[in-house]
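>>> build me a model:
(chains A and B)
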Amino acid sequence: MTLLLGAKGLDLKFDIIAALDDVALDVTTGEVVAIVGESGSGKTTLLRVLAGQMAPDAGTVHYLGRDMLGMTEAERRRLMRSDWGFVHQNPRDGLRMSVSAGGNVGERLMANGVRHYGNIRDEAKAWLQRVEIDAARIDDLPRYFSGGMQQRLQIARTLVTRPRLVFMDEPTGGLDVSVQARLLDLIRALVRELGLSVLIVTHDIAAARLLADRILVMRRGQVVEQGLTDRVLDDPQHPYTQLLVSSVLAA
Amino acid sequence: MSILLRTEGLGKSFTLHLQGGTRIPVLAGIDLAVQAGECVALSGPSGAGKSTLMRCLYGNYGAGVGRIVLTHRGAELDLASAEPRAVIEARRESIGYVSQFLRVIPRISARDIVAEPMMARGMARDAALSRASALLDRLNLPERLHSLPPATFSGGEQQRVNLVRGFGPGYPVLLLDEPTASLDAANRAIVIGLILEVKQAGTAIIGIFHDAEVREAVADRVFTVEPMQDAA
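Predicted coordinates:
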């Protein structure tokens, strides 16, 4: 169990509103950590700061002992191409819509130095099948895919280079409920198979329960409660967590 | 014999912040110990806190006061104060919990649901799948159901999947919350046989058995959980 990502004392203000207020968090290898909370709680801001897309006013972020905030843009981009993956809520933010499905997957491989075209195409095909997209669609543009398929393609594009740490921002956000279940199930299986570490932001309590080992509950920029996923959800201590858990309708 | 799980002065209360901070004390001063090869039955009236105690023992509820000491990797681990990662590791290797209801995962077959914790405990995939099939057979779950997700199964069928999931990996400590509640007489007898077998093999068991026949057959002794208002 190695500490992959560690953050301490993160503060960030938008005008006078605290988006992050003394937030600390760590992620070890093979661990899935969920950040839950309502819109405006600061959870997406936290994900962005941790992924180096936004600078905090104060605090530290370390990845495998390296200071992320002192890293150059080129170093950070290299990390983003190799060790890290980012799955956006809207697949259009993570895909290249004018490039074929196979190209979207192959591009990440090429960025990591794979050159043999046949190998790239085979690997792309294998990944399409892995995320349950018919390999015959390899030359189609993602714009002709359904929302669920686009999201699965984004996941294939992200995981093809075998990242160690994957950031996910509401990966099931814009999808139909039936499609959500399939996607969650797929993410769950891939995480186990590949031994990924995942930091996932979601407002979906059921998704957090299904995927996460640990959970952090955020409200107004603060982590109000954290711990073992099933304990936080079944025996919530903080008033806000109790409200959040009791507000979920049982199907 | 060695004690595999014990509590020291365990207490638990719930504070309902949404109901004006009402505090409900459920457990206090629980001192319970179970040895390898022993089965302790929790008794007490409905609402006394038996299921709450079970959930505390598994770390699903946080203990308010006291210690919950589990033998894990040859050392003592206090589940009441352990870090989440340590609790996850203990659940993977040392302690299993059969709840009354199966939490089904969409699209995953009964066989895979059952094999999963065995593989997590280190069994090879093929071995885990064949053990899963054998145990599902033993509990009379028709073979045509093994490859289906249990969402559409009957209550009794789901409970049998849940039992196999708990018994499959061979945890040294097992918590059983009404393991035979939805089963018919024939399947109840099979579960009794399974419990006696793992006891023989040295498993320490704490269970809630409302069925007197089952309790008589498997329990070595009874631990009574007193309702708080009576105990006070």
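>>> from here on, contacts and neighbour counts on C-alpha atoms
Noted.
>>> where does pLDDT dip in the stretch 1-150 of chain A?
Applying pLDDT under 70 to the stretch 1-150 of chain A flags no residue at all.
>>> secondary structure class for residue A:225?
When classified by DSSP: H, G, I helix; E, B strand; the rest coil, residue A:225 comes out as strand.
>>> state the pLDDT value of the residue nearest in space to the middle of chain A.
Per CA atoms, centre = their mean, the C-alpha nearest to the average position across chain A is that of residue A:168, at 1.4 Å. Predicted confidence (pLDDT) for residue A:168: 96.
>>> over to the one 5 residues further on?
pLDDT recorded at residue A:173 is 85.
>>> now residue B:1
pLDDT at residue B:1 comes out at 63.
>>> can you pull out the helices in the stretch 51-200 of chain A?
For the stretch 51-200 of chain A, applying DSSP state H, counting those that start in this stretch gives helices covering A:73-81, A:91-94, A:101-111, A:117-130, A:147-159, A:177-194.
>>> do the same with chain B
Secondary structure of chain B (DSSP state H): helices located at B:50-58, B:84-93, B:110-120, B:125-138, B:143-146, B:155-167, B:185-200, B:212-218, B:228-231.
>>> by mean pLDDT, which helix or strand of chain B comes out lowest?
Every helix and strand in chain B was compared by mean pLDDT, DSSP states H and E; the lowest is helix B:228-231, with a mean of 61.
>>> what does the top strand by length along chain B rub up against?
In chain B, ranked by residue count with DSSP state E as the criterion, the top strand is strand B:3-16. If you take CA atoms under 8 Å, 6 or more residues apart in numbering or on different chains as the criterion, strand B:3-16 is touched by A:237, A:239, A:242, B:21-36, B:62-71, B:172-173, B:204.
>>> my guess is the residue nearest to the centre of chain A contacts residue A:200. True?
Yes - the criterion here is CA atoms under 8 Å, and residue A:168 meets it with residue A:200 at 4.6 Å.
>>> for chain A, which residues are neighbours of chain B?
A:181-182, A:185, A:210, A:213-214, A:227-228, A:230-231, A:234-235, A:237-239, A:242-243 (CA under 8 Å from any CA of the partner chain).
>>> so of those, which ones are in strands?
A:214, A:227, A:228.
>>> bridge partners for the spatially closest residue to residue B:57 that is not a sequence neighbour, pull those for me.
Counting by CA to CA, 6 or more residues apart in numbering or on different chains, the nearest residue to residue B:57 once its immediate chain neighbours are dropped is residue B:68, at 6.7 Å. Here residue B:68 sits in beta bridges with residue B:7, going by DSSP bridges.
>>> which of the residues in the longest strand of chain B are buried?
Neighbour counts over strand B:3-16 (16 or more other CA atoms under 10 Å in any protein chain shown) mark B:4, B:5, B:6, B:7, B:10, B:11, B:12, B:13, B:14, B:15, B:16 as buried.
>>> now stretch B:136-146
For stretch B:136-146, burial by neighbour count (16+ other CA under 10 Å) applies to B:136, B:138, B:139, B:141, B:146.
>>> of those, which is the nearest to residue A:40?
residue B:146 (44.3 Å; CA to CA).
>>> isn't that closest one right up against residue B:111?
Yes - at 5.2 Å, residue B:146 and residue B:111 qualify as touching, with contact defined as CA under 8 Å.
>>> give me the common contacts of those two.
Joint contacts of residue B:146 and residue B:111 (CA under 8 Å, 6+ apart) are B:133, B:136.
>>> residue A:205 reaches residue A:36, doesn't it?
Yes - with contact defined as CA under 8 Å, residue A:205 reaches residue A:36; the gap is 7.3 Å.
>>> these two: who's more crowded?
Set residue A:205 next to residue A:36 and count neighbours by other CA atoms under 10 Å in any protein chain shown: residue A:36 wins out with 27 against 18.
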